[in-house]
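Enquirer: take this sequence and fold it.
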Amino acid sequence: MYSASSFKEFFEASLAGEKGQANSKQLSEEFFSDFIHFTPIHLELMELYLSTGHIDLFYKSLADLKYLVEYSDSLNRYWFLMRGYSGALSKLKANQTIKASKKIYGYYIKKYGGRRLIRNEHWFEKQRWEFLDELQLICTEDELEEFIRKYQQIMSENFKIYVSFLRVFINNLKNL
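Expert: Next comes the predicted model:
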């Protein structure tokens with residue numbers, strides 16, 4: 001497992017190669033200062049997207065944080081979960097019909113293969129299959145609407161967990 005210190009070391013080393021030693025310390029300080037300042041703002045904007053139902057914008061914004069998955073197992077786990085949920089939910093919201101939901105279900109089954117029960121199944125895989133198993137059972141527009149509402153709420157709760165891990169990461173970075 002990597003950490004904030006690994007993150008700092010990596011970016012300091014990569015910035016040192018950019019402009020030479022004279023400017024590398026200044027570039028590093030600016031980069032980390034910007035990261036510490038702007039990441040919480042980015043998270044607030046993402047929270048707004050979630051709370052207003054703009055899952056497609058949330059999905060696009062989440063891509064900006066992908067590089068952090070390498071520095072924390074917790075950030076990795078929750079980033080991929082939210083990426084999966086938001087990708088599927090944005091497709092469902094774009095065409096909120098039973099026919100479209102069945103096509104989306106078919107797309108994911110084709111992409112990931114059929115459901116297999118695996119002993120000691122990975123946490124993320126379990127979440128994905130629970131989502132798809134529930135999606136498969138939807139038969140009415142009302143059920144689809146309730147499904148979307150339910151998973152937006154689940155995604156919102158998981159985002160709060162992700163944010164808490166990212167705030168700890170940022171605080172650890174500040175203390176270095």
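Enquirer: Tyr85: neighbour count?
Expert: Applying other CB atoms under 10 Å, we find 22 residues neighbouring Tyr85. From N, CA and C alone the C-beta is placed, and that goes for glycine too.
Enquirer: which parts of the helix or strand containing it are buried?
Expert: Assigned by DSSP states H and E, Tyr85 belongs to helix 73-94. Neighbour counts over helix 73-94 (16 or more other CB atoms under 10 Å) mark 74-93 as buried.
Enquirer: any low-confidence regions in the protein?
Expert: Scanning the chain for pLDDT under 70 picks out 1-2, 17-22, 115-121.
Enquirer: grab the nearest non-local neighbour of the residue positioned nearest the centre of it.
Expert: Geometric centre of the chain, nearest residue: Trp79, 2.8 Å, by CA atoms, centre = their mean. Excluding the flanking residues, the one nearest Trp79 by CB to CB, 6 or more residues apart in numbering is Val69, at 5.1 Å.
Enquirer: Glu145 now?
Expert: Computed as CB to CB, 6+ apart, the closest residue to Glu145 that is not its neighbour in sequence is Gln96, at 7.0 Å.
Enquirer: and that neighbour, how many neighbours does it have?
Expert: Count around Gln96 with other CB under 10 Å applied: 12.
Enquirer: surely it and Thr140 touch.
Expert: No - using CB atoms under 8 Å, Gln96 is not in contact with Thr140, being 11.7 Å away.
Enquirer: mind checking how far the residue nearest to Trp79 is from Leu173?
Expert: Taking CB to CB, to the nearest Å as the measure, Val69 falls 16 Å from Leu173.
Enquirer: got it, and Asp142?
Expert: Counting by CB to CB, the gap from Asp142 to Leu173 is 46 Å.
Enquirer: about what we covered before: what's the neighbour count on the residue nearest to Trp79?
Expert: Neighbours around Val69, by other CB under 10 Å: 17.
Enquirer: kindly report the same for Ser51.
Expert: Neighbour tally, Ser51, other CB under 10 Å: 12.
Enquirer: nice, that's everything, thank you.
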